[in-house]
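Trainee: Turn this into a model:
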Amino acid sequence: MVYLFLAASLVVILVGAKFFTNGIEWLGVRLGLARGAVGSVLAAIGTALPETMIPVVAILMGHGQASHDIGVGAILGAPFMLSTVGFMLAGLMALLLIRRRRGAVLRPDPTLVRRDLGFFLVAYSLAIGAAFLPHALRPVIVVLLLGAYIGFVALALSQGEKCREGDDVGPLLAVPRMANPPLAIILLQVFFSFMLILGGAKVFVHGIGSLAETFGIAPFIFALLIAPVATEMPELFNSLIWIREGKDTLAIGNITGAMVFQSSIVPAIGISFTAWELTPAAFASAALALTSAWILFLSVRRRGYLFGPLLFLMGAGFYAFFVTMVLCGGL
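Mentor: Next comes the predicted model:
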């Protein structure tokens, strides 16, 4: 029965993601936003909320060390999952569509990708570095993280080419026969599709949680490795849909924008309300996430595009290495 619920919730998330990406694109057109801001800010924040709620609820409403372990694990699990599995799936999608795309290459706006990854590398390094600082100095890191994200949003909203109605957006799915849908209908579609995604992710998390309990998985490992598989589904489905449609800037921006949010706003909560004492597994996951981001940052800086096989092999390799180390007791 659990597996049936998991399958049904994935279908719900996929349908919700299809309506959400369509609505977000139309919202970007209506508000005259930069194309990068649609993926890196609007879509990223919207789809990051499900996984954000796990550490927030665990830390602020939970009790005992187990709740804090789940909270910290979820905080670190999201950037790790996005920088490994997220890019692995993006690379796989490019490989599967190699004939349609005329090559296994993703071509997002390189300036926007470098911007997002640059913010992530700085913010996440600060968040991890806070574990080595005395408690009296940690509020400074919290302020820096919050300020960094505010600066990122301001830059994203002003940088890049604006969205236009002629950008192959397609009809608004809620009213496909309406050529010029009003803002109210666009907002309703975005809201209800997000609620659909949130509901599907919640069912999926509960199902994964039941399996984790059945197999006796530790709370921290569950939050670090298993819960993000469910809660990162919205970003991943959104990005895969956009890659399929040839909208690489929106697709990669959805992943990298979520990485910036997950490396600044969410760690600020963890640093503020927990002891922020990180285990070897936590440091290892952070090191792999930062290494992945550095490789992609340098790749885009040098080539101006992302190579699908590199994304797939790097993401799969890092994730498999970490899981193997955990299962073998090396972490």
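Trainee: To what extent is the closest residue in space to Phe321 that isn't next to it in sequence buried, counted in neighbours?
Mentor: Distances taken as CB to CB, 6 or more residues apart in numbering put Leu288 closest to Phe321, at 7.4 Å, once the chain neighbours are dropped. Quick note: C-beta positions are derived from backbone N, CA and C, even for glycine. By other CB atoms under 10 Å, 21 other residues sit near Leu288.
Trainee: Next: Arg115.
Mentor: 22.
Trainee: give me the element it is part of.
Mentor: helix 110-129 (DSSP states H and E).
Trainee: just checking, what packs against that helix?
Mentor: With contacts defined as 3 or more CB pairs under 8 Å, 6 or more residues apart in numbering; DSSP states H and E, helix 110-129 has these neighbours: helix 138-158, helix 248-273, helix 280-303.
Trainee: any chance of those helices in TSV, plus distance to Ile186?
Mentor: Listed next are those as TSV, based on distance: least, CB to CB, whole Å:
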stretch	distance to Ile186
helix 138-158	18
helix 248-273	16
helix 280-303	31
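Trainee: what sits against Ala123?
Mentor: 145, 148-149, 260, 263-264, 267 (CB atoms under 8 Å, 6 or more residues apart in numbering).
Trainee: ok, back up a step: which among the helices and strands packed on helix 110-129 is found nearest to Ile45?
Mentor: helix 248-273 (6.0 Å; CB to CB).
Trainee: what angle do that closest one and helix 110-129 make?
Mentor: 20 degrees (axes from the mean of the first three to the mean of the last three CA atoms, to 10 degrees).
Trainee: Buried residues in helix 248-273, which are they?
Mentor: 248-271 (16 or more other CB atoms under 10 Å).
Trainee: Let me know the average pLDDT across it.
Mentor: Mean pLDDT, helix 248-273: 90.
Trainee: same thing with stretch 128-140?
Mentor: Here the average pLDDT along stretch 128-140 is 94.
Trainee: buried stuff in that stretch?
Mentor: Per 16+ other CB under 10 Å, stretch 128-140 contains these buried residues: 128, 130-131, 138.
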